[in-house]
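Engineer: Provide a 3D model corresponding to the input given below.
(one chain, ligands or ions: 1)
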Amino acid sequence: MFADYRFRAAAILLLAAIVGGSALLVSWLRSPEVAGAHIGGPFELIDQTGRRVTDGDFRGKLMLIYFGFVFCPDACPTALQNMADAVDLLGPAGEDVVPVFITIDPDRDTVEVLTDYAEAFHPRLKALTGTPEEIAKAAKAYRVFYRKADESAPGEYLVDHSSIVFLMGRDGRYLTHFTHMTLPEPMAAEIKKRL
Ligand code: NI
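Structural biologist: Purely as a prediction, here's the structure:
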């Protein structure tokens, strides 16, 4: 009887330890530091002036980076406008933040297309394209998902894609992220804390 009671108590303690340990592990895995530990990485692409750029060119600056496509009717323009406005709200300090757009539709988003597109949002916006392989590599580094939808007419299609605005530090490491819906004021406030 006594032994059975001790066995049950031990079993309950063990179960509590497992549950408590799992909860700790889950909260640790969900913390921004850990979640962001593997976001970002090297890329080599072409900007809207035709110049070859790598992630290394942005060291010393913060990158506000978004993956999308020019033909996108909603999320992409919203994200880019919010990013541009957030950078402007920072005033002179905003010079240390580079807004970056990486297309996930390199077939249509050529250097020429990106020149006009970038101008529409911010004078310092870097709009990047590349080969499908280079784009895939960059998207994978940022854990960005994208998939071309069926064509509605020849050459007319949408691209499903993740819609996250990443803030990367001066050393290229992940700091935090926003969605395309994050308004310029809260976005600027979060960036300011990390400048
Ligand atoms: Ni989009």
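Engineer: near the ion, which residues of this structure show up?
Structural biologist: When proximity is defined as CB under 5 Å from the ion, the chain approaches the ion at Gly68, Cys72, Ala75, Cys76. Backbone N, C-alpha and C define where each C-beta goes, glycine included.
Engineer: while we're on the residue nearest the centre of the chain, how confident is the model there?
Structural biologist: For the chain, Phe166 is the residue whose C-alpha lies nearest the centre (CA atoms, centre = their mean; 3.4 Å). Phe166 is assigned 98 on the pLDDT scale.
Engineer: kindly report the domain assignment for this protein.
Structural biologist: 2-30, 44-194 (automatic domain parsing).
Engineer: look up how far Ala120 lies from the residue nearest to the centre of the chain.
Structural biologist: 21 Å (CB to CB, to the nearest Å).
Engineer: go on, Thr78?
Structural biologist: 13 Å.
Engineer: ok, these two, which is more surrounded?
Structural biologist: Ranked by neighbour count (other CB atoms under 10 Å), Thr78 and Ala120 place Thr78 first, with 17 against 12.
Engineer: which one is that one nearest to, not counting chain neighbours?
Structural biologist: His180 (4.9 Å; CB to CB, 6 or more residues apart in numbering).
Engineer: count of neighbours near the one you found?
Structural biologist: Number of residues near His180 (other CB under 10 Å) recorded here: 21.
Engineer: re the thing from before, can you confirm the residue nearest to the centre of the chain is in a helix?
Structural biologist: No. The assignment for Phe166, made by DSSP: H, G, I helix; E, B strand; the rest coil, is strand rather than a helix.
Engineer: wait, isn't it in contact with Ala79?
Structural biologist: No. Phe166 lies out of contact with Ala79 (CB atoms under 8 Å); the separation is 10.9 Å.
Engineer: so what sits against both of those two?
Structural biologist: Here Phe166 and Ala79 share the contacting residues Tyr66, scored by CB atoms under 8 Å, 6 or more residues apart in numbering.
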